[in-house]
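*Asks:* Dropping a prediction and its sequence here:
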Amino acid sequence: PGFSNAKRIGAVFVGRLSKEKGIETLLDAWKTAAKDVPLKIIGDGPLKPLVTEAAANNPAIQWLGQIPFDKVLSEIGSARLLVFPSCWAETFGRSMLEAFATGTPVVAADMASMKELITHGKTGLHFRTGDAEDLATKILECVGNSHWYVDAGKAARREFVERYSAEANVQQTMSIYEQEI
């Protein structure tokens, strides 16, 4: 599907509301420099009370809870960026691929698997894991530079089509079979 960058605003987080997903870092970033950037939080989990309190205290934060998958993609596709603040060794960040599919750049912690998926400066930005101030700085860089986030969104979408789409996976699988024959 084609996604427009014209009316995108703010940031979105999609995931379990738990310590290892970096929720505290995310919310701390919104207490500082990023406090006025619209943030939608999608998901549920043990840190829900922390998220609902943050949303009650900051009008820029909106907690959407659990929503249907098509709505998740719509929210990601209408944001300027997806924030992936995980502070544990994720094996593969599905929401990052969903962001790429919708042409949305990602700001992610600088852990191994996230560094593998996100090309810093091209398809998103990395921030120091657990560092809310660095996260806030990267958020403002992304949101404040409309040329960058449009270009990064296009690069993210291209990356998705070339590496992660069904067509790309079929080609990769066929290539492996051909090498074995």
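*Replies:* Looks like it arrived, so ask away.
*Asks:* For the most centrally placed residue in the chain, report the pLDDT, please.
*Replies:* Geometric centre of the chain, nearest residue: residue 82, 2.5 Å, by CA atoms, centre = their mean. Per-residue pLDDT puts residue 82 at 94.
*Asks:* again, but for residue 135
*Replies:* Looking at residue 135, its pLDDT is 96.
*Asks:* Then residue 177?
*Replies:* 59.
*Asks:* those strands in this protein, which residues are they?
*Replies:* With strands called from DSSP state E, the chain shows them at 11-14, 39-42, 61-65, 81-84, 106-109, 124-127.
*Asks:* For the chain, just list every one of the helices.
*Replies:* Along the chain, the segments classed as helices by DSSP state H run 23-29, 48-57, 69-77, 94-101, 112-117, 132-144, 146-159, 166-180.
*Asks:* Around residue 117, how many other residues sit close by?
*Replies:* 22 (other CB atoms under 10 Å). Every C-beta, even on glycine, is put in place using the N, C-alpha and C of the backbone.
*Asks:* ok, it to residue 97 distance?
*Replies:* Here residue 117 is placed at a distance of 8 Å from residue 97 (CB to CB, to the nearest Å).
*Asks:* All set, thanks.
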